[in-house]
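Trainee: Show me how the following folds:
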Amino acid sequence: MPRTAVLLTLLGALLVAILAAALRPLAEPDEGRYGEAAREMTETGDWLLPRQNGRLYPDKPPGVYWAMALSLEILGTRAFAIRLPALLAYALLLLLLLRPPSWAASAPASVRPLAAVFLATCPLSLVLAELATLDSVLSLTVAAAVLAGWRLLAEDRPASARACGAALGLSFLVKGPVGPVLSLAILAVAGARARLPLRRLLRPGLLLPALLLGLPWYLLAALQRPQLLDFWILRETVGRVASDVHARAQPLWFFPALALGLALPWLPALLLGRRPAPGAGPAEDPGRSAACALGSLPAVWAFLPVLFFSLPASKQPAYLAPAVPGLALWIGLRLARRPAPRAAAAAAAALLALAAAALVWSLEPGRIRSIDPLARTLVEEGARDWEGAQVLDWAYGLSFRLERPDFHAFGAAPRAWSFEEGEKGPPPADPGERSRRAARRRERAFADALDLLEGPQPAFVLLHETGDPGVPAAFEAAASARRAEVHAWGQSGRYHLYANRPRGGR
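Mentor: Numbers count the residues shown, from 1 in each chain. Okay, the predicted model is just below:
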């Protein structure tokens, strides 16, 4: 592709990502959860253990929460602030592929722009760049570790060892053991195929930065709450591999099909390209050693994560994010060997146009799993700043809740947040006793919500059905029994909005 086309494509993709991060309403459930954990760090000053509504939420290490909290401190409480770490990670990853630093593995000059264009327009990378989740940041740390580690294997440079170790430590803080294990597995398999000395990955210059950056938080957290070790090992590591712990079961072919779908728009460019003349190949950058050429690394990097994440039962598309830079290099190498500039430019333009259309489509809150219709109702009625609460399933709902430090949450924590529930002992084996406990928790949540609505201040509650369509009727019956003034203001999906003032009456 011509340099001008490459530059315009990258700038266009970054513009789409920035606009989406700035304009889209928060999507449920992940963005609200990540943002709330970061906001509570800034509010409480406790940066050691992430919390949701004051309850310990250790399902993820705090690396991305720290970045979001710092962004909130600088930019204030808004959606763009919690999305900024993902957006910056996307931009840095583009730079890493487009023009690797001196410590990164080199590639033929024509490969880097093609790989960056593929990554920039890849729908999965673009979506994750606009979401307040950890996947874009994890993709960056894995890419930095793999590229630095490959340079270490090829040329044994101390700076490469330090850079690889630092990236491994950061990935451990972002996603736990998955990040460093995946990075080292890619390096081990690709290095073995290239017959490079794998013992270099055990150099103290690599291990020391990895341990110094990755371990201290885990040690400090475990010292404060010893039960966290069992939680991380049994539920968050073994449980994710051996079971469908988060109810995201997908068939074994899910990730291979997704990887094929990501590469599909570029297949015409590969098929239409000119075959290289016998003995010809892409020119290497001058001054680079042959040992440091990418070799088999892109293929291993692209396809090993597909296998790695296909083995567990629990799957979701974002898990494949660390494979996308490898897939980008793999596609870039093949496009460099079979150049088809017009076909590649057409594929990039089509994907960029699709991203722009998706941005326009996503500006409507109801289309992106957002509860904004009820939030808009509160804004239109002048009730945004009323005292408010969520009742049952309080991980979800009301996109502007992130800006409400006085927001209440009544009822049991969502099932995924099992750490503190597990500290209280195992659930009862008797199904009848479990049902009775659930009914008592619901009654307490209803009572707390009605206490709020019976107060002298204007107030609202957001009620979730939690899979039981009879919940709203039960809540209204409880309000009637207490003769509380409760008015139904609207419904969106399984959410129901109530207030202690009639709608339009203020």
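Trainee: From residue 85, how far out is the most centrally placed residue in the chain?
Mentor: Nearest to the mean C-alpha position of the chain, by C-alpha atoms, centre = their mean, lies residue 133 at 2.9 Å. Using C-beta to C-beta, to the nearest Å, residue 133 is found at 10 Å from residue 85. Glycine gets a C-beta too; all of them are placed from N, C-alpha and C.
Trainee: Quick check: closest non-adjacent residue to the residue nearest to the centre of the chain.
Mentor: Excluding its sequence neighbours, the residue lying closest to residue 133 (C-beta to C-beta, 6 or more residues apart in numbering) is residue 30, at 5.3 Å.
Trainee: number of nearby residues for the one you found?
Mentor: Neighbours of residue 30 under the rule other C-beta atoms under 10 Å: 17.
Trainee: hmm, back to that, contacts only, for the residue nearest to the centre of the chain.
Mentor: 30-31, 34, 64, 86, 318 (C-beta atoms under 8 Å, 6 or more residues apart in numbering).
Trainee: Remind me what the helix or strand where residue 40 lies packs against, helices and strands.
Mentor: In this assignment (DSSP states H and E), residue 40 forms part of helix 30-44. Applying 3 or more C-beta pairs under 8 Å, 6 or more residues apart in numbering; DSSP states H and E, one finds that helix 30-44 makes contact with strand 51-52, helix 63-75, helix 79-98.
Trainee: Measure how the second one sits relative to helix 30-44, angle-wise.
Mentor: To tie it back to what came earlier, the one meant is helix 63-75. If you take axes from the mean of the first three to the mean of the last three C-alpha atoms, to 10 degrees, helix 63-75 sits at 70 degrees to helix 30-44.
Trainee: Give me the residues contacting helix 63-75.
Mentor: For helix 63-75, contacts defined as C-beta under 8 Å, 6+ apart pick out 34-35, 37-39, 41-42, 47, 50, 81-82, 84-85, 132-134, 137, 170, 173-175.
Trainee: Repeat the analysis, applying 7 Å as the threshold.
Mentor: Residues outside helix 63-75 that contact it (C-beta atoms under 7 Å, 6 or more residues apart in numbering) are 34-35, 37-39, 41-42, 47, 50, 81-82, 84-85, 132, 134, 137, 170, 173-174.
Trainee: Which of these are buried? Put it as a PyMOL command.
Mentor: Isolation of the buried members of the contacts of helix 63-75 (16 or more other C-beta atoms under 10 Å) is achieved in PyMOL through the command below:
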select buried, resi 34+35+37+38+39+41+42+50+81+82+84+85+132+134+137+170+173+174
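Trainee: export stretch 460-476 as PDB, just CAs?
Mentor: What follows is stretch 460-476, C-alpha atoms only, in PDB (Å, rounded to 0.1, in the frame of the first residue of the first chain):
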ATOM      1  CA  PHE A 460     -35.700   6.700  42.700                       C
ATOM      2  CA  VAL A 461     -34.800   3.000  42.600                       C
ATOM      3  CA  LEU A 462     -33.800   0.800  39.600                       C
ATOM      4  CA  LEU A 463     -35.200  -2.700  40.100                       C
ATOM      5  CA  HIS A 464     -33.900  -5.700  38.100                       C
ATOM      6  CA  GLU A 465     -36.000  -8.800  37.600                       C
ATOM      7  CA  THR A 466     -33.000 -11.100  37.900                       C
ATOM      8  CA  GLY A 467     -34.700 -13.700  35.700                       C
ATOM      9  CA  ASP A 468     -38.000 -13.700  37.600                       C
ATOM     10  CA  PRO A 469     -40.700 -11.600  35.900                       C
ATOM     11  CA  GLY A 470     -42.700 -11.600  39.200                       C
ATOM     12  CA  VAL A 471     -40.200  -9.400  41.000                       C
ATOM     13  CA  PRO A 472     -41.800  -6.000  40.000                       C
ATOM     14  CA  ALA A 473     -45.200  -7.200  41.200                       C
ATOM     15  CA  ALA A 474     -43.700  -8.500  44.500                       C
ATOM     16  CA  PHE A 475     -42.000  -5.100  45.000                       C
ATOM     17  CA  GLU A 476     -45.200  -3.200  44.300                       C
END
